[in-house]
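sequence unavailable; structure follows:
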């Protein structure tokens, strides 16, 4: 065991010696530029949002679908879930965009306003919350446009 450990540490030391400090600094700088701290937050948010989308999709398939409600409300729920899932996946790519914090904020806000209002309307039948749905849709459109900036 000691020989294995000694061989492994020797190999790591020789590898480290072959890499110049300037190359290591370049790799670190490139990594920080490609994944700024604010952008990585949106990757975590994508995981949480995706888990919520899957949970609500399961609820829609196993509970909501079998309730006696207007079929249009069921369709609204399905649309909300489809957009929620799609934009949760889009959040994963936020660190690769030119302005990750802007894109991530627009996507997150759009998911909450668009999908959230659709879910709420579908589950309660309350129409008043639908006033914010178009704003959420515009935020999602602007998020996609921000990728092109």
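Cool, got the structure. No experiment lies behind these values; they were computed from the predicted model shown.

state the distance from residue 116 to residue 79.
Per Cβ to Cβ, to the nearest Å, residue 116 is found 13 Å from residue 79. C-beta here means a position set from N, CA and C on the backbone, and glycine is covered the same way.

please disregard the earlier target; I meant residue 125.
16 Å.

who has more neighbours out of those two?
residue 79 (15 against 10; other Cβ atoms under 10 Å).

next one, pLDDT for the more buried one please.
pLDDT recorded at residue 79 is 97.

isn't it right up against residue 117?
No - here residue 79 lies out of contact with residue 117, judged by Cβ atoms under 8 Å, at a distance of 11.3 Å.

in the helix of greatest length in the chain, which residues are buried?
Counting residues, the longest helix found in the chain (DSSP state H) is helix 37-62. Buried residues in helix 37-62, counting neighbours by 16 or more other Cβ atoms under 10 Å, are found at 39, 41-43, 45-46, 49-50, 52-53, 56-57, 60.

please convert those to a markdown table, extending it with distance to residue 67 and pLDDT.
Converted to a markdown table, those look like this (distance: Cβ to Cβ, whole Å; pLDDT from 0 to 100):
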| residue | distance to residue 67 | pLDDT |
| --- | --- | --- |
| 39 | 40 | 81 |
| 41 | 36 | 91 |
| 42 | 34 | 92 |
| 43 | 35 | 91 |
| 45 | 30 | 95 |
| 46 | 30 | 95 |
| 49 | 25 | 97 |
| 50 | 25 | 96 |
| 52 | 20 | 97 |
| 53 | 20 | 97 |
| 56 | 14 | 93 |
| 57 | 15 | 93 |
| 60 | 10 | 90 |
